Every structure is written in structure tokens, then in C-alpha cells.
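Q: I would like to see how this sequence folds:
(chains A, B and C)
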Amino acid sequence: MDINILTIVIFLLLINSLVSVYRIIIGPTHQDRLIGLNLILSQVTAIMVIAAVNFHRAIYLDVALVYAILGYISIIAITKYLKGKKLHE
Amino acid sequence: MDIHQKWKIVRILLTTVYLMIGWLAFTCNIAPFSLLLGFLFSFTLALFTYDIFIEKREVARRALIPRISPLLIYPFVLIFKIYLSSFKMIPAILTMEINPRIVHFRTRLKSEIARALLANSITLTPGTLTLDLYEDYLIVHWLNAKTIHSHYAAKLIKGHFETWLKKIWI
Amino acid sequence: MRLIAYLFIGMGVFFATFGNIGILRFPDVYTRLQASSKCGITSIISIFIGLMILEGLSFVTVRILVITMFFFITSPVSSHAIGRSAYEEGILPWRKEKEKEKGE
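A: Residues are numbered from 1 along each chain as shown, chains lettered A, B, ... in the order given. Below is the predicted model of the structure:
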């Protein structure tokens, strides 16, 4: 596997996602955890698109699109679930 | 055939057209079989969801069909504003000099799509975040509040967006 | 041309890093949400513009454009959803003066 600039970018974004995982672990409220999840979602989509351009596989773009749609729907569903529940008092 | 049934048919057809545009954008394929499949699925979905997509009281023509030319310029204005907002965000992150407040103000836009787009644009401009929208009032969280007076806050936050959106929808 | 593309991609990584620093340093939910929504969407758009310049005019560019449009619409909406659920749950926003009074 040859190393070029795009590969380095993928590794940098992966390190960024790990920092977001730390926020998910320590987050005091549920909304903090959702913020970390939202940020990871966008970064993983960016990684998939970069991989599609880097390795010349157009199928990764479809995977990225479906992943973005499912992540969006899941965040809306979790916020609907939390609505009306007094969870931390 | 009374007017309610006619309006129902128009709503179903308009929903089908919008869903077809979405299908064409996602598949990028104009083979006849793909078009037929897309039309069938769009029509079936439109039969279920037309009442949510276009409400019964939204009868103005401008509320449903946008003007094309400002709609094509608007994303570039928005992208410019987004870059401006992010460069303003970096000093706030580094120095932590913030003064967050919650302000309320009202909007004059009427159609639902225009209001949703106004809320999205406010979220993307420097230091503001829409929390809720009820009746005519927007609840906005402001990172670096200069005033809490509703009228001036509306002038500072909404800026050019409302006039731009008024050109596109009603 | 390749240099401009790499500049945009580098800017995207830069903004993603600052978004992460922001969500670690800010004091409460709403301010963290500000940092994540602004820097997240900017990093995504920068990276995708860079990739579109790098790829030239082709089938891949159109697909990347569709994904960009999708993010443009949905990213603020998910931020609203998170902020609204926090607001309805009754979490009070952090304020400067309150913090000073506590310190004295």
C-alpha cells in the first residue's frame, strides 16, 4: 500500500474521531453523547468519500450516502425517544 | 367534483414531482426502467405522505413553487457565510471569551419550507443556533450576545437571509 | 490545481480538529453544540470541495455533490433536534455572570 497525502488525511480524521469517542464516554448528559455521535458520523462519511477517490472504487460513495441517511434518521429517532422523559434529576 | 378533492389531487401530484426530483438526484440514471420504478415508488409514497408534506391551508402558489434564479445564487451566499462563521469560531474556542444568552424574536415568513430554511441558515451563521420554533417565534441561542432586546437581536441575527428567502418563497 | 485541492482538504482537517477541541473545552451542552455544528459542516464542505477539484468533471463528482447537498440540509436539522431535546428537558444554559458570583 502506497502512502500519499489522502492516506495521511484518513489517519488524521481517525484520530479526531477517537477524541470524539472520549466525549461520548465522559459526557455528563445524554445530549453531550449525541453531539459526539453526530461529529463521528460526519467524520466517518468524509473518510468513506476520501477512500472512494483514493482507491478508485465508486461503490464506496453509495455506502457513504446510505450511512449518512441512516445516521441522520437514528439521531432524530433517539431525540424523539428522549423527549418527555425526565432522565437526570 | 368539489374544490377539496381537486386540491387533494394537486397536492398528490406535487409531492410526486418533488419525490421524483429526489430519485433522479440519488440514482443519476435515466434508463426507462429506472424512471418507471421511480415513478411508481414516488406515487405510492405520495399517496401516504401528501398530507404531511403540503398542509391543507398552504394554498399560495409562491409557497409551493420557488423562483429559480435566486435559489441558484443562495447556496453560494450561504457557503461564504459558513466560512466566515467558522473563522470567527476559532478565537472563541482558543480564548474561551464567550457570553451565551437565549433570545426570542419573530419571523415574517409564511410558508413552512421558508421557515425551515431560515432556521437552518441561522444555525450556520456566526455564533447562533436555533433551538425551537413555535407559532411565529424563533428561540435562538447566541454565543456572543451583544443585546437581549428582541428587535435589535432580530436585526443582527437575521441579516440578509430573510430578504433573500422572501425573494424565493413567500 | 492539485495544490488548491490539497489546501482545501487540509483546511477541512484543521476545522475538524478545532471542532473536537471545542467540544472538549466548552462548559455546557449548547456551546458544545455550537462548536460541533459550525466546525463539522465546514470541515465536511471543505473536504468535499477539495475532492471535487481533485477528481475533475466525472460521474464521481456528481455523486459527491449529491452527498454534499444532503449534508447541507440534514446537519443543521440534527443540531436543532439535539438542542431542542436539551431545551425541553430544562437544561439551563451556562452564563458568565453566574460563574463570577459563585467564584466570589
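Q: secondary structure class for residue B:66?
A: Residue B:66 falls in the coil class when you classify it by DSSP: H, G, I helix; E, B strand; the rest coil.
Q: what's around the residue lying closest to it once chain neighbours are set aside, how many residues?
A: Nearest residue to residue B:66, sequence neighbours excluded (C-beta to C-beta, 6 or more residues apart in numbering or on different chains): residue B:168, at 5.0 Å. Where you see a C-beta, it was placed from the backbone N, CA and C, and this is true even at glycine. Residue B:168 is flanked by 19 other residues according to other C-beta atoms under 10 Å in any protein chain shown.
Q: cool, and residue B:136?
A: 12.
Q: picking that back up, the residue nearest to residue B:66 against residue B:74, yeah?
A: Yes: applying C-beta atoms under 8 Å as the test, residue B:168 and residue B:74 come out as touching, 6.8 Å apart.
Q: in the chain, which residue is closest to the centre?
A: No chain specified, so I'll use chain A. residue A:41 (1.7 Å; C-alpha atoms, centre = their mean).
Q: I was thinking of chain B, sorry if that wasn't clear
A: Centre-nearest of chain B using C-alpha atoms, centre = their mean is residue B:117, 1.9 Å out.
Q: quick one: average pLDDT of the lengthiest helix in chain A?
A: Assignment by DSSP state H gives helix A:30-55 as the longest helix of chain A. For helix A:30-55, mean pLDDT is 88.
Q: tell me the secondary structure for the residue nearest to the centre of chain B?
A: Applying three-state DSSP: residue B:117 is helix.
Q: Contacts only, for it.
A: residue B:165 (C-beta atoms under 8 Å, 6 or more residues apart in numbering or on different chains).
Q: Pull the contacting residues for the residue of chain B found nearest chain A.
A: Distances between chain B and chain A by C-beta to the nearest C-beta are smallest at residue B:26, namely 7.3 Å. Residue B:26 makes contact with A:65, C:66, according to C-beta under 8 Å, 6+ apart.
Q: How far does whichever helix or strand it is part of sit from its chain's centre?
A: If you go by DSSP states H and E, residue B:26 is part of helix B:3-27. Using C-alpha atoms, centre = their mean, to the nearest Å, the mean C-alpha position of helix B:3-27 is found 18 Å from that of the whole chain.
Q: list the buried ones in stretch A:44-52?
A: A:44-52 (16 or more other C-beta atoms under 10 Å in any protein chain shown).
Q: just stretch C:52-71 next, same as before
A: Result for stretch C:52-71 [16+ other C-beta under 10 Å]: buried residues C:52-55, C:60-61, C:63-64, C:66-68, C:70-71.
Q: Now residue C:42: closest residue in space that isn't a chain neighbour?
A: Using C-beta to C-beta, 6+ apart, the closest residue to residue C:42 is residue B:86 (4.1 Å).
Q: Please apply the same query to residue B:137.
A: residue B:106 (5.1 Å).
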